[in-house]
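>>> Requesting a structural model of the entry that follows:
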Amino acid sequence: MTKSIWIVFLIDFAVGGISACSVTSQCPAFNNNYDYPSGLIFVDFEEKVGSQINPERGWYKYTEVFASDHEAGNTDDLLDLATLTSWRDVEGVSLIYRIVVLDAYKEQASIPSSFIATLSNDFDVARQAQMKLVARFAYTDRCVLDADGECSQPYGDGHKANMLKHIQDLSTFINENTDVVAFWEAGWIGIWGEQYYTDEFGDPLSALYKDDTCELPVDPVWIDRRQVFWKFFDVVPSDRNIQLRYVHQMPMIFDPVDSLPLTDSEAFVPTNAKSRIGHHNDCFLRDNFDLGTYCSVEAEKAYLEKQSKFTAVGGETCGGQNIARTNCNIAEAELERFHYTYLNKDYHLGVMNKWKQQGCYNTIRDKLGYRLVLRRAMYPSSVQTGAELCYRIELQNVGFAAPVNPRKVYLIMENVLDGRLFWTALADDPRKWFRENNEVHKIEGAVKIPSASMPASSYRLYLGLIDPYFDKLHASAKFYNAVTANVFSAALPAAIQQLMNDKRIMYLGDSGDEIAVTQGSGDAQSSCPVVSLANII
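Numbers count the residues shown, from 1 in each chain. Got it, this is the predicted structure:
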């Protein structure tokens, strides 16, 4: 049977527990012709065409908040729930870009607790709006152009000593808001926190740096840059990336310089700092160098292609709508090559309009970040308590990138008679669901059905991809749209449709596909441990 369905990130429910283990000798080698003696539920799925709002990927809306406004009692730049809700529901935006400009505290040794409290409330509005943030700290966003079209001095960014103290002041705030911040950009140094026009960390326009080496010398300036970066790195939780503005910074931030990109064995290791270094390109497609993003273009692109397979990349376009580089064919190729997860929806509008005219705007919208498509599910139609239920689920990622942040994968069974849910956490890691080579990713194993605590009944099987911060995000469950009301057959029971809409878990069957769990004679020998159940719902 075939269905039109998305599998997407799902979130936020409390359930009881069953236990899972890897495929055992009792499990078959699933294939198209295999049939259990008791029957096999075998469901093929097809991709549903169209957009899907999903967390931690897609378009973002740019916003700023200024410390000087807080000091003046001005609240106009604080996030507004109604506005964010409209961006989400009407414009299909899942991310808010939030630059925090600490202009009022540049010369101060500490950040007032009142402003940190304001920031906490501000970020909570994003949480209430069921959205996530791309966040950055800076001291100024003001650029006064000189006759050469460059920002003129003094630039107005901060001092190292105060930066280090301010990072410490904000450490608790940063940790408490990990759930709502998808990505941190390195920030702090330079106008806009973009690490370029800076008074104290090496002016790129000075004679010292205006040469053809494509790298800033390893001198005291880089020592200072590293101090700020690693201080910030240390206070950001280890499950979050930090993105650097310029590709040459990515190896240069290490001492000694590490010019090798990540390998598969190094990725997703919390103690490996390189596994958390991403990139934001704030002038994507502007010219061959992306306005300074690249210097040694081909070498840096080769590095970024490999590094970005495992870490976050995003940014914005910044003009160039009249040049070939912003054409759809080049844009799509680079977005895929460098695994882009997010882009600014509104900048540059000339480029956005060009993509609409050339016909790739919707494709880019849909493929930014991950786009997970369930292809097939196979599992038996009956099983006894005390025995193992074997399963195989196949999916593909057809987006530009794999999911960047950790997610938990759950297999869930719903008791049809009373609606109770029973779950098991799987070992699968969605961050490894890469889109390279159109790989089909397999989730397979065996689940022990405990005889003492799981009653005989009919059960439906589901898949859930859960944010590890789901307790804090529980109020935001409706954001993680697993399905919409018109996806399933009209014959699907109303209660299951409501479960899909509210619980955000994916039904691994067509209407009527249920597993008959019958009473067994006891627990069979199994490598799957039996765990106690907490009945819920």
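
>>> alpha carbons only for contacts and neighbour counts from here, please
Noted.

>>> what about Leu461, which SS state?
Secondary structure, DSSP: H, G, I helix; E, B strand; the rest coil: Leu461 is strand.

>>> how much space between it and Ala446?
13 Å (CA to CA, to the nearest Å).

>>> if you go through the protein in chain order, where are the helices?
Assigned by DSSP state H, the chain shows helices spanning 67-71, 81-89, 113-128, 160-169, 171-176, 220-235, 249-252, 297-307, 328-337, 349-358, 361-367, 494-503.

>>> Check the ones you listed for me: which has the lowest mean pLDDT.
The stretch with the lowest mean pLDDT among the helices of the chain is helix 494-503, at a mean of 50.

>>> I'd say Gly381 and Glu514 touch.
Rather than Gly, residue 381 is Ser. Yes. Taking contacts as CA atoms under 8 Å, Ser381 lies within contact range of Glu514: 6.5 Å.

>>> Just want the most central residue of the protein.
The residue lying closest to the centre of the chain (CA atoms, centre = their mean) is Glu56, at 3.5 Å.

>>> How about it: what's its closest non-neighbour residue?
Spatial nearest neighbour of Glu56, excluding adjacent residues (CA to CA, 6 or more residues apart in numbering): Ala182 at 5.7 Å.

>>> Quick check: the gap between the one you found and Asp467.
With CA to CA as the criterion, Ala182 and Asp467 are 11 Å apart.

>>> Please apply the same query to Thr172.
Thr172 is 21 Å from Asp467, by CA to CA.

>>> So between the two, which is more surrounded?
Asp467 (22 against 13; other CA atoms under 10 Å).

>>> Please name the spatially closest residue to that one (chain neighbours excluded).
In space, Asp467 is closest to Arg407, 5.3 Å off (CA to CA, 6+ apart).

>>> any idea of the pLDDT on that neighbour?
87.

>>> Likewise for Met454?
The predicted local confidence for Met454 is 87.

>>> again with Arg504
Here, the pLDDT recorded for Arg504 equals 62.

>>> need the contact list for Phe232.
When contacts are counted by CA atoms under 8 Å, 6 or more residues apart in numbering, Phe232 touches Ile167, Ala186.

>>> can you offset everything so residue one is 56?
Yes, from this point I'll number from 56; that puts the last item at Phe287.

>>> now do the same end-to-end measure for stretch 237-250.
Terminal-residue distance, stretch 237-250 (CA to CA): 21 Å.

>>> tally of neighbours for Ser512?
Using other CA under 10 Å: Ser512 sits among 16 other residues.

>>> Quick check: closest non-adjacent residue to it.
Ser512's closest residue in space is Val572 (CA to CA, 6+ apart), at 5.3 Å.

>>> Give the burial count for the closest residue in space to Lys116 that isn't next to it in sequence, as a bare number.
Spatial nearest neighbour of Lys116, excluding adjacent residues (CA to CA, 6+ apart): Ile151 at 5.1 Å. Residues lying near Ile151 (other CA under 10 Å) number 25.

>>> what stretches of this structure score poorly on pLDDT?
56-81, 83-93, 260-274, 525-559, 577-592 (pLDDT under 70).

>>> so Met509 makes contact with Thr440?
Yes. The criterion here is CA under 8 Å, and Met509 meets it with Thr440 at 7.3 Å.

>>> The two: which has the busier surroundings?
The neighbour count for Met509 versus Thr440, taken as other CA under 10 Å, is higher for Thr440 (23 against 19).

>>> just checking, the more buried one touches Ser512?
No. In this structure Thr440 lies outside contact range of Ser512 using CA under 8 Å: 10.1 Å.

>>> what touches both of those two?
Common neighbours of Thr440 and Ser512 (CA under 8 Å, 6+ apart) are Val572, Thr573.

>>> What about Glu449, how many residues nearby?
So Glu449, with other CA under 10 Å, has 17 neighbours.

>>> Could you do Ala137 as well?
Ala137, neighbours per other CA under 10 Å, totals 11.

>>> again, but for Asp144
12.

>>> Please identify the buried residues of stretch 506-514?
The neighbour-count check on stretch 506-514 (16 or more other CA atoms under 10 Å) flags Ser506, Ser508, Met509, Ala511, Ser512, Ser513, Tyr514 as buried.

>>> wait, I meant stretch 360-369
Within stretch 360-369, judged by 16+ other CA under 10 Å, the buried ones are Glu360, Lys361, Gln362, Ser363, Lys364, Phe365, Thr366, Ala367, Val368, Gly369.

>>> isn't the first one right up against Glu391?
In this case it means Glu360. No. Using CA under 8 Å, Glu360 is not in contact with Glu391, being 9.3 Å away.

>>> Tell me where the stretch 206-355 of the chain has strands.
Secondary structure of the stretch 206-355 of the chain (DSSP state E, counting those that start in this stretch): strands at 236-240, 297-299, 332-339.

>>> Columns mean neighbour count and distance to Ala127 on top of the ones you listed, output as TSV?
Shown next, in TSV, are the strands of the stretch 206-355 of the chain (neighbours: other CA atoms under 10 Å; distance: least, CA to CA, whole Å):
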stretch	mean neighbour count	distance to Ala127
strand 236-240	24	27
strand 297-299	24	31
strand 332-339	25	30
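
>>> closest to Leu472 out of these?
Leu472 sits nearest to strand 236-240 of all the strands of the stretch 206-355 of the chain, at 38.7 Å, using CA to CA.

>>> can I get the strands of the stretch 206-355 of the chain in JSON lines with distance to Phe287?
Shown next, in JSON lines, are the strands of the stretch 206-355 of the chain (distance: least, CA to CA, whole Å):
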{"stretch": "strand 236-240", "distance to Phe287": "10"}
{"stretch": "strand 297-299", "distance to Phe287": "9"}
{"stretch": "strand 332-339", "distance to Phe287": "12"}
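
>>> Among those, which comes closest to Val312?
It's strand 332-339; of the strands of the stretch 206-355 of the chain, that one is closest to Val312 (CA to CA) at 13.7 Å.

>>> which residues touch that closest one?
Contacts of strand 332-339 (CA under 8 Å, 6+ apart): 240, 296-302, 305, 345-346, 348, 362-363, 366-374.

>>> How about stretch 123-131?
Residues outside stretch 123-131 that contact it (CA under 8 Å, 6+ apart) are Asp132, Leu157, Asp158, Ala159, Phe170.

>>> From Lys361, how far out is the closest residue to Thr366 other than its chain neighbours?
Leaving aside its chain neighbours, Thr366 sits nearest to Gly333 (5.1 Å; criterion: CA to CA, 6+ apart). Distance of Gly333 to Lys361, computed by CA to CA: 11 Å.

>>> next one: Asp565
39 Å.

>>> Could you do Gly474 as well?
Counting by CA to CA - Gly474 and Lys361 are separated by 46 Å.

>>> ok, back up a step: in this structure the residue nearest to the centre of the chain contacts Lys187, no?
Yes. At 6.6 Å, Glu111 counts as touching Lys187 under the criterion of CA under 8 Å.

>>> Show me the common contact partners of the two, please.
Going by CA under 8 Å, 6+ apart, residues that sit against Glu111 and also against Lys187 are Ser149, Leu150, Ala237.

>>> Next, count neighbours for Leu95.
If we define neighbours as other CA under 10 Å, then Leu95 has 15 of them.

>>> quick one: contacts for it?
Neighbours of Leu95 in contact, by CA under 8 Å, 6+ apart: Met433, Tyr434, Pro435, Ser436.

>>> Nearest residue to the last one in space, please, no chain neighbours.
Read it as Ser436. Closest to Ser436 by CA to CA, 6+ apart is Ile570, at 4.5 Å.

>>> In contact with that neighbour, which residues?
Taking CA under 8 Å, 6+ apart, one finds Pro435, Ser436, Ser437, Val438, Ser513, Tyr514, Arg515, Leu516 in contact with Ile570.

>>> same thing with Arg280?
With the criterion set at CA under 8 Å, 6+ apart, Arg280 makes contact with Phe256, Ile308.

>>> Distance of it relative to Ala241?
Arg280 is 11 Å from Ala241, by CA to CA.
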